[in-house]
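Participant: Here is a sequence together with a model predicted from it:
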Amino acid sequence: MFAPCLRFLLVALAFSFGCVGSFNGIRAQSTSAPLTGDQAVYRDGKVNVPLTDEYQVGVLFHTQGIGITARRGFYLNAFAVRNIGVDLAYFKHPKEIQTTNPIYENGRPYVYGKQNTLQTLRLWYGKQNLRAEKLRRDAVRFSTFWKVGAALAVLKPIYLEIGYPDIPYDYTAKERYDPFAHFSDNIYGRADWSNGLDELTVVPGAHASYGLDFEFGDERFMPKALTTGVSVDAFLVAPEVFAANFEQNNRLFVTLFATFEVGRNWTR
C-alpha cells in the first residue's frame, strides 16, 4: 500500500512542477514589453508624449508659378494644430510669351507688353485637423487644413535695354519699359532683374486656402510633409502686370498648389 501511494505522490509532484514551469513561461511571455505604437512606426522609438510646438519650411508650386512657404504651429490637442505662416509666391501671367530681338541674338529674352513682375506676400492664420494617424512604418498621417489672411501684391517694374538710334544700334541704355515709347524694333533685350528694386509698389488684398496634408517619415520629431489644395488671392485693384493696351489684368487669382515641407516638432 505504501508503494502505490509513493508513486502517486511522485507523479503529482512532477505534474505540479510541469504546470508551474509552463505557467511561468506563459507569464514571462505575457509580461515582456510589447512594441509601442511609436516604436512600431518611428525609427527613433520615442515615447509617445504629447507634442506642443512645431515649425516647417518648404517650397511652393502652383499653377501660375513657384514660391516658398514657412509656418509655426501650436498644438491645441492631439488632433488639431493652430498655425501662423508666411508665403512668398511668384505669379506668371497666363498670356506671357517670351520673345527676342531678331537681329541681335545676344539680347536677353523679354515679354513684350509686360510692365511689372508680380510677387505675392501672404501673412496667414490657419488650423490643421488630424483625420488619420500613422499606424505603421511607411504609412502617412492625413490631415486637412485651412488658412486665411492678408495678401500683398508686390509689383517690380521691368527694365529693358533700348537700342539707339535705330538698327543697327550705336549704343543701348537701360530704361523702364514704356509701352508708348518702346517697341520690338528698338528693344535689344531684358535688363538685369535687379533694376527696379527701389521702385516697388504694393496692392493690398486677402488670401484663403484649403488643402490636404500628408505627413510621412520614420522620425517623429522631424516630419516631412506633402500638401495639395486650392488657393484664392483677391486684391483691391488689379495688379498691373501687362500694359492696359496689351492684356487684361485680373484682381482675382485662383490656383492649385502643392508644397514639400520639412521641419521640427517638440514638447515644451
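Facilitator: Arrived safely, thanks for sending.

Participant: I'd assumed residue 198 was in a helix, is it?
Facilitator: Yes. Under DSSP: H, G, I helix; E, B strand; the rest coil, residue 198 sits within a helix.

Participant: show me where the stretch 51-200 of the chain has strands.
Facilitator: Shown for the stretch 51-200 of the chain, the strands assigned by DSSP state E, counting those that start in this stretch span residues 53-62, 65-77, 80-91, 98-99, 110-111, 116-132, 141-157, 159-164, 171-176, 187-190.

Participant: on contacts alone, who are the packing partners of the first one?
Facilitator: Okay, so that is strand 53-62. Applying 3 or more CB pairs under 8 Å, 6 or more residues apart in numbering; DSSP states H and E, one finds that strand 53-62 contacts strand 65-77, strand 80-91, strand 224-235, strand 252-266. Every residue, glycine included, has its C-beta placed from N, CA and C.

Participant: If we use 6 Å, what do you get?
Facilitator: Helices and strands touching strand 53-62, by 3 or more CB pairs under 6 Å, 6 or more residues apart in numbering; DSSP states H and E, are strand 65-77, strand 252-266.

Participant: cool, the last one as well?
Facilitator: Packed against strand 187-190, as judged by 3+ CB pairs under 6 Å, 6+ apart, are the following elements: strand 159-164.

Participant: could you redo the last one with a cut-off of 10 Å?
Facilitator: For strand 187-190, the packing partners by 3 or more CB pairs under 10 Å, 6 or more residues apart in numbering; DSSP states H and E come out as strand 98-99, strand 110-111, strand 159-164, strand 171-176.

Participant: what bridges to the closest residue to residue 254 other than its chain neighbours?
Facilitator: Among residues not flanking residue 254 along the chain, residue 232 sits closest, at 5.4 Å (CB to CB, 6 or more residues apart in numbering). Assessed by DSSP bridges, residue 232 has beta-bridge partners residue 208, residue 254.

Participant: Pretty sure residue 250 is one of the things residue 232 touches, is it not?
Facilitator: No. Residue 232 is beyond contact range of residue 250, at 11.9 Å (criterion: CB atoms under 10 Å).

Participant: what about residue 95, neighbour count?
Facilitator: For residue 95, the count of nearby residues is 13 (other CB atoms under 10 Å).

Participant: contacting residues around residue 197?
Facilitator: 156, 157 (CB atoms under 10 Å, 6 or more residues apart in numbering).

Participant: Tell me the spacing between it and residue 155.
Facilitator: Separation of residue 197 from residue 155 (CB to CB, to the nearest Å): 12 Å.

Participant: one step back: any chance of the helices and strands packed on strand 53-62 in CSV, plus mean neighbour count and mean pLDDT?
Facilitator: Formatted as CSV, the helices and strands packed on strand 53-62 follow (neighbours: other CB atoms under 10 Å; pLDDT from 0 to 100):
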stretch, mean neighbour count, mean pLDDT
strand 65-77, 16, 96
strand 252-266, 16, 96
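
Participant: mind checking which of these is nearest residue 186?
Facilitator: strand 65-77 (29.4 Å; CB to CB).

Participant: got the angle between that closest one and strand 141-157?
Facilitator: Counting by axes from the mean of the first three to the mean of the last three CA atoms, to 10 degrees, strand 65-77 lies at 140 degrees to strand 141-157.
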